[in-house]
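>>> Need coordinates for the following:
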Amino acid sequence: MRGCQVRLWCGSKLPLIGFGTAAFPYNGKGVEQAIRTALEVGYRHFDTAKVYGAEPAMGRALTDAIYKGMVTREEIFVTSKLWGSDHHDPVRALRQTLKNLEMEYLDMYLVHWPAKFKASACYPVPKEDDFEELDMESTWTGMEKCVDLGLCKSIGVSNFSCAKIEHLLDHASIPPSVNQVEMHPLWRQKQLREFCGEMKIHVSAYSPLGAPNCPWGSNAVMENPIIQSVALKHKATPAQVALRWGLEKGASVIAKSFNQERMKENMGALELRLDKEDHIKMEMLDERKLMRGEFLVNGTTSPYKTIQELWDDEI
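Below you'll find the predicted structure:
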């Protein structure tokens, strides 16, 4: 993947195709082996989060590969995320993440969702009385301290709307480098991509294939007739077309497959080129968001009484 990177505003180089570790049901041994295989295939960006439970498995796989000389720490890009129950103390949360990963620093630390829970909140899905008022200014100050202490090289957000980023930028000393969001040909994020582009915030796409094997996911992307016809035209696979679409929209993509052949197939998106006709066809597809975040919405304790409030009517 040498050369297949995007330079973030902070100077870090993010590999365009990342490897996701959110497995349902969770299997630590499976995650560990999949990361080892992904390293052999050529992946260099590894994405995880506290809520996935995969940090220890990722740490074992990556530190073993570094110890054996397969890669150096500088050659890999590691991302993890701050969960809602850790907004009170991002520094402490990141120190625990680093302990789990057996690493001295992260390349990227993201605020997973714009939601804050009690430190004792039900995990991972909060109960009604677990919600607290979100104070992003305080949370972001803690994230900036993580950078100042050398615990991470860059910080960013995930699942943030244009309005929430704009509010964050009003008080941020260190702007977010990345906004990681759901993005694929059936949820194209045009408004968000344009806004983030103006703000020099890189968009990273999770569920770029529609998360077909996840509880919230769907086969709609992979089985879409238009995407399949574009794949047939280019002698490619629907997965390669969907990933390439994201790359050509200026995003990086985080693909998750623990199957070695599909890992290789996904990397093949780097060699594919779509034409104008392909993009026109995919721009006409009906849009539907898959990860809607209903678990953050209730009519009493959550700051978000409706889905529209969570996404600021960008859904």
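
>>> what residue ranges in this structure score low on pLDDT?
1-3 (pLDDT under 70).

>>> in it, which spans are helices?
28-41, 55-67, 90-101, 136-148, 162-169, 190-198, 225-233, 238-248, 260-267, 276-283, 307-310 (DSSP state H).

>>> State the distance from the residue sitting furthest away from the middle of the chain to S80.
Most distant residue from the mean C-alpha position of the chain: K233, 29.7 Å away (C-alpha atoms, centre = their mean). K233 sits 38 Å away from S80, taking C-beta to C-beta, to the nearest Å as the criterion. C-beta here means a position set from N, CA and C on the backbone, and glycine is covered the same way.

>>> what does L110 give?
8 Å.

>>> Now the common contact residues for those two.
Both L110 and S80 are contacted by A49, under the criterion C-beta atoms under 8 Å, 6 or more residues apart in numbering.

>>> between the two, which one's more packed in?
Higher neighbour count among L110 and S80: S80, with 30 against 27, using other C-beta atoms under 10 Å.

>>> Could I get the contacting residues of the nearest residue to the residue farthest from the centre of the chain once chain neighbours are set aside?
Closest residue in space to K233, ignoring its immediate chain neighbours: D278 at 7.6 Å, by C-beta to C-beta, 6 or more residues apart in numbering. By C-beta under 8 Å, 6+ apart, D278 lies in contact with V230, K233, V241, W245.

>>> Nearest to G11 among these?
W245 (27.7 Å; C-beta to C-beta).

>>> Residues in a beta bridge with the spatially closest residue to K13 that is not a sequence neighbour, which ones?
Leaving aside its chain neighbours, K13 sits nearest to Q5 (4.2 Å; criterion: C-beta to C-beta, 6+ apart). On the basis of DSSP bridges, Q5 is bridged to P15.

>>> Give me the distance between A34 and L247.
22 Å.

>>> Look at those two and report which has more neighbours.
It is A34, of A34 and L247, that has more neighbours when counted by other C-beta under 10 Å, with 26 against 20.

>>> give the contact list for the nearest residue to the more buried one once chain neighbours are set aside.
Counting by C-beta to C-beta, 6+ apart, A34 lies nearest to F258, which is 3.9 Å off, once chain neighbours are set aside. Listed by C-beta under 8 Å, 6+ apart, the contact partners of F258 are A23, G30, V31, Q33, A34, T37.

>>> Quick check: phi and psi on F258?
phi -100, psi 10 (degrees, to the nearest 10).

>>> What is the burial count for the closest residue to H171 other than its chain neighbours?
Counting by C-beta to C-beta, 6+ apart, H171 lies nearest to E137, which is 4.9 Å off, once chain neighbours are set aside. Other residues lying near E137 total 12 when counted by other C-beta under 10 Å.
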